[in-house]
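K.L.:
structure for the following, please:
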Amino acid sequence: MQPPLLMVPQQNAPEAVAPVPAYYAHAPAQATVELGDLGRILLRRRFLILAITALLTALTLAYSFLTPALYSSTAQIIIDPQDLQVVTNDVNPSRISPDGGITQVESQVSVAQSNGVLLRAIKATNLAEDPDFNGQGGLGRWLGMLFGSDDGDRTAQTLDSLRRRLAVKRDDKVLVLNIIITAKSADLAAELANAIAQAYLDDQAEARSKAAADASDAISARLEDQRKRVEQAANAVETYKAEHNMVMAAGNLVSDQELTDLNTQLTAAQARTAQLKAQVDQLRRQGSAPDATSEALRSPVIASLRAQEATLVDQISQFGTALGPRHPSMIAAQQQLSDLRKLISRELGRLVTAAETDYQRALANQKELEAKVASLKGKSLDTDQASVRLRELQRDLDALRTVYANYLQRAQETREQTSVNSTNARIISQAMPALKKSWPPKGLLVFGAIFGGLALGIGMALIAEYLSPTVLSANQMQSAIEAPVLGVLPGRGRRRSGAAAQKTDAVAGMALQRIAAATRRPADWPLVPSILVASPPEDKAQRSRVAWQLANAAAARGRRVLFIDINAGKGQKDPQPGVLDVLRGEYPLDAVSRYAPGSSVALIGRGRPTAVFQEAQALYFAHRMLAEANHSFELVVVDGGALADDLNVLPLVAMADEILLVARLNATPMRDVASTSEAVSVMGRLPTGAMLVDEAA
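P.N.:
This next block holds a predicted model:
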């Protein structure tokens, strides 16, 4: 009787058979999909991308050949934000916004597409009778006959059709509007573009004329009211003056003018009196020498007498020297000098008397003026209170007259503006019939279809990959199973060169080296090192190839290898004894192993599944099989098949040192990888590594 599994020493327990490799313990987490994986996705799904691109291109070509040709014509209008300054006070003032009028011109884009402008163009071109625009052509005709239509519906349909085919744009940094019309006829497109441009100018002129007319009518309606208010204010002023006996002259009260004049005269009289008094005082202060005053010096009579006096004094001096003091001529000259000096004295006295007389007369005049001023001041005190109210009434009258005058002038100006077009806009380019059709642009559409199809195909390919992801890279595989990828074997092509075989052997050898370097086994470990290779069912060929390649690589390096193929002989009616027989304890290992012809690798097949073995018993015999193999072999490689479909592999999974998963790059679905990894987990182990096969290499 065989001992149960619990009697196996602890160091030989299945949990201790396969120590965790060092590279597995420190495997870093990687992103699921890398940027470089996109190329592999697109390459694998290239037929889907090309099919979508071809389909979209074919549809585009069919559309371009079946769609009627359209022609576009453009009319250009330049708009100056600063309108023509016809009059000073224009109803439509011209102001340029801080942005140079760009905003004003942008608003004209909407004006050019307004119903008023378009209806004016429709009327000018009789467009409502065109079947292409009024909805009476093609399908629209039958719908009109079925549901009925009238002229109002036809006009509305024409307006809607014209708006759909109209585009008004403003070029950057310029004040030019481009009016673009697209139609089936090049001549009609040019005619409509020119008609809309002219309709826009007419609409602007009419709008400004109407604004001026409305303003003129509003002002004229207020003129009569303003005239009556002025008349009432003037009557109030005259009535008030009559009631208070206030006589006006030159806009002022007569009493105020008299008082002002008397004040002016009084001021002059006071100045005159002060001047004469100063002269009199000066003459009085001179006393015996009045001839030293300024009046005497300015008197021509005094000056003449002084000159005669000087002449006589000179003669007397000469006579005294020549004739002597008693000469008759000397005596006569002295007598003349004495008479002359008396005349001078009398003339000086007359000047003093005249000054005093002038002073007295000026003083009397001053007193008389002061009396009159005092009298008028008394009278003005009575009219001051009445003058305050009169001035208030007069101010109201002046204000009303000013407003009335402004209204009258503004009414005349606005009346003249109704016939003046101040719009500073003009057509700078008439629309011409197009020589080439604007739609459909076949080259552009095909170009867009190709690139659009490629983009759509790429998107569909990525969506398909997202819905059914596959193994794209080693990092993705490593992230999925949380174990490192030991190598990527090139695919088995139709023709394999020697370099490809060397590369395959090198990858397998490197994988063995990594396994050997990372596995921590005690020196006295009784079991032979073992590697179990598993994969999804679809990757059977790649799994067998990887397992066999690992075995051959180990054998090529001088190691004795036992290769267990769990699928060999599966399905045969009378298979040879194999590993299942060993796990049941029916055959020893040496009895079922054999060497392949021309190979140094010993082989064991699946065996006979005639009896079901117990799990504990199978684990024991698996342990004993690896212990026996340790005497004859240095490595055991097990092709474990699809673990999810074969529970007979469980004892080998439990005893294997390494469990490697095999998958194909860009082919194996990630759900199959996850299913296989989950099967390993259900069997009590975790994958310790993976090998990938790149069929495109």
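
K.L.:
ok, the nearest residue to Arg594 once chain neighbours are set aside - contacts?
P.N.:
Using C-beta to C-beta, 6 or more residues apart in numbering and skipping the chain neighbours, the partner closest in space to Arg594 is Leu603 (5.7 Å). Bear in mind the C-beta positions are built from the backbone N, C-alpha and C, glycine included. If you count contacts by C-beta atoms under 8 Å, 6 or more residues apart in numbering, Leu603 has them with 563-565, 568, 593-596.

K.L.:
against Thr676, how distant is Leu603?
P.N.:
24 Å (C-beta to C-beta, to the nearest Å).

K.L.:
also Ala371?
P.N.:
140 Å.

K.L.:
look at those two and report which has more neighbours.
P.N.:
Thr676 (25 against 10; other C-beta atoms under 10 Å).

K.L.:
so the more buried one sits against Val533, correct?
P.N.:
No: applying C-beta atoms under 8 Å as the test, Thr676 and Val533 come out as separate, 11.1 Å apart.

K.L.:
with adjacent residues omitted, what lies nearest to Ile169?
P.N.:
Just to correct that, residue 169 is Lys rather than Ile. Asn178 (4.9 Å).

K.L.:
three-state assignment of the one you found?
P.N.:
strand (DSSP: H, G, I helix; E, B strand; the rest coil).

K.L.:
quick one, what contacts it?
P.N.:
74-76, 167-171.

K.L.:
and with 7 Å instead?
P.N.:
Neighbour list for Asn178: 74, 76, 169, 171 [criterion: C-beta atoms under 7 Å, 6 or more residues apart in numbering].

K.L.:
and the host helix or strand of Arg415, what other elements does it pack with?
P.N.:
Following DSSP states H and E, one finds Arg415 within helix 328-417. The helices and strands touching helix 328-417, judged by 3 or more C-beta pairs under 7 Å, 6 or more residues apart in numbering; DSSP states H and E, are helix 186-243, helix 254-286, helix 294-298, helix 300-322.

K.L.:
rank the ones you listed by pLDDT, which is bottom?
P.N.:
Per-stretch mean pLDDT for the helices and strands packed on helix 328-417 is lowest at helix 294-298 (a mean of 59).

K.L.:
skipping adjacent residues, who's closest to Ala197 in space?
P.N.:
Per C-beta to C-beta, 6+ apart, closest to Ala197 is Ala75, 4.1 Å.

K.L.:
secondary structure class for the one you found?
P.N.:
Going by three-state DSSP, the state assigned to Ala75 is strand.

K.L.:
ok, now Ile659?
P.N.:
Ile659 ends up strand, using three-state DSSP.

K.L.:
contacting residues around it?
P.N.:
532, 534, 653, 680, 685, 687-688 are the contacts of Ile659 under C-beta under 7 Å, 6+ apart.

K.L.:
just give me the closest of those residues to Leu472.
P.N.:
Nearest to Leu472 among those is Pro687, at 18.1 Å by C-beta to C-beta.

K.L.:
next up, phi/psi of that closest one, please.
P.N.:
When quoted as degrees, to the nearest 10, the phi and psi of Pro687 stand at phi -60, psi 140.

K.L.:
and Leu175, by the same measure?
P.N.:
Residue torsions, per degrees, to the nearest 10, at Leu175 are phi -110, psi 50.

K.L.:
mind giving me the PyMOL command for buried ones among the contacts of Leu603?
P.N.:
What follows is the PyMOL syntax selecting those of the contacts of Leu603 that are buried according to 16 or more other C-beta atoms under 10 Å:
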select buried, resi 563+564+565+568+593
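
K.L.:
and Arg664, how far from Ala278?
P.N.:
Applying C-beta to C-beta to Arg664 and Ala278 gives a distance of 138 Å.

K.L.:
if you could redo that for Asp539, that was the one I meant.
P.N.:
142 Å.

K.L.:
doesn't Leu603 fall inside a helix?
P.N.:
No: counting by three-state DSSP, Leu603 is not found in a helix; it is strand.

K.L.:
what are the bridge partners for it, then?
P.N.:
Beta-bridge partners recorded for Leu603 (DSSP bridges): Phe563, Arg594.

K.L.:
buried ones among the contacts of Asn178?
P.N.:
74, 76.

K.L.:
taking the centroid of the protein, which residue is nearest it?
P.N.:
When C-alpha atoms, centre = their mean is applied to the chain, the residue found nearest the centroid is Asp172 (15.2 Å).

K.L.:
that residue: which element?
P.N.:
Assigned by DSSP H and E, Asp172 belongs to no helix or strand.

K.L.:
please report phi then psi for it.
P.N.:
Per degrees, to the nearest 10, the backbone of Asp172 is at phi -60, psi 140.
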